[in-house]
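Visitor: return a 3D structure for these sequence lines:
(chains A and B)
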Amino acid sequence: MIRNRREFVKVSGVLGLMAAAGLITMKEAQAQQQAWNKAAFDTKSLEDTIKALGGSATAPSGDISITAPDIAENGAVVPVAVSSKIPNTQGIYVLVEKNPNTLAAGFTIPAGTEPSVSTRIKMGQTSNVHAVVKADNKFYVATKEIKVTLGGCGG
Amino acid sequence: MPDPMRIRATEQPDGVDVRVLMSHEMEGGQRRDSAGNLVPAHFISNVTVNHNGKPVLTAEWGPAVSKNPYLQFKFKGGKKGDKLSVTWVDNKGETRTDEATIG
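Guide: Numbering: from 1, shown residues only, chains lettered A, B, ... in the order given. Below is the predicted model:
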């Protein structure tokens, strides 16, 4: 995530200052730096996102279901639920093909948690929504088109 | 200090159903204000849900999650009276943790 020393110094400097100012504790600052996969959230296509998540290819799967409206009147709030019947599901990712950045959300599913999550996302325009499931370090995908009457990514 | 979350966790035959509503503007970084300047992105980037100190769900979010984010999932192994804690951190380093009791 941090490519060179200069960038590292810059990032740690800013977070260090925030920590010093008491805005955040150093532990949280470090946790946040490590945990957020910036590379993946910067990607512009399904293939690039999968690569940034550490995969190489995706197989279409009928065991993933996407519950979302066919037509979303308001792109700022599109309810999306993804559930997976694939054994050993480790992660669920929600991708919107035509958003400025493809990846909207990623969930890590520990053992004991049902591979099923619901949330609400923003969509700039009518687009395919991909639900990607990571299971046994392989990636599977299901796709649904959601039509958006009013975009929710700016104005 | 950000507003508290609303957390509802209920025990059901097939696991504990968790619903969380967070209060956050989730600014996408695409919108311009009335003067034509880009409003910088401000969004929750990480969410962790712990049950008895053990994570039952972690999430990484981008700016494309809707304002006042909603999250629902289920996990096994929890029972009535157990404590559940939800923590989020945003890209400006603000954070908030709230607790709920499974009912």
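Visitor: tell me the secondary structure for the residue lying farthest from the centre of chain B?
Guide: No residue in chain B sits farther from the centre than B:Ala35, which is 31.7 Å out by C-alpha atoms, centre = their mean. With DSSP: H, G, I helix; E, B strand; the rest coil as the basis, B:Ala35 sits in coil.
Visitor: and it, what does it touch?
Guide: By C-beta atoms under 8 Å, 6 or more residues apart in numbering or on different chains, no residues touch B:Ala35. Placement of C-beta: from N, CA and C, glycine included.
Visitor: if I look at it, how far off is chain A?
Guide: Separation of B:Ala35 from chain A (C-beta to the nearest C-beta, to the nearest Å) stands at 14 Å.
Visitor: try B:Gly28
Guide: Counting by C-beta to the nearest C-beta, the separation of B:Gly28 from chain A is 6 Å.
Visitor: so which residues of chain A form helices?
Guide: A:5-20, A:26-35, A:38-41, A:46-52 (DSSP state H).
Visitor: which of those helices has the lowest mean pLDDT?
Guide: Here the lowest mean pLDDT among the helices of chain A goes to helix A:26-35, at a mean of 52.
Visitor: how about A:Ser45, what does it touch?
Guide: A:97, A:102.
Visitor: also the one 5 residues further on?
Guide: Taking C-beta under 8 Å, 6+ apart as the definition of contact, the neighbours of A:Ile50 are A:56-58, A:132, A:139.
Visitor: tell me the two of those that are most distant?
Guide: Greatest spacing in the contacts of A:Ile50, by C-beta to C-beta: A:Ser56 and A:Val132 (13.0 Å).
Visitor: settle it for me: which of those two has more neighbours?
Guide: A:Val132 (26 against 9; other C-beta atoms under 10 Å in any protein chain shown).
Visitor: for the nearest residue to the more buried one once chain neighbours are set aside, give the beta-bridge partners.
Guide: The shortest distance from A:Val132 to any non-neighbouring residue, by C-beta to C-beta, 6 or more residues apart in numbering or on different chains, is to A:Tyr93 (4.2 Å). Applying DSSP bridges to A:Tyr93 yields these beta-bridge partners: A:Gly106, A:Val132.
Visitor: domain parsing for chain A?
Guide: Per automatic domain parsing, the structural domains of chain A span A:5-35, A:42-150.
Visitor: how about the strands in chain B?
Guide: Residue ranges of the strands in chain B, as given by DSSP state E, are B:6-12, B:15-21, B:44-51, B:54-61, B:70-75, B:83-90, B:95-101.
Visitor: show me the shaky parts of chain A.
Guide: A:1-34, A:151-155 (pLDDT under 70).
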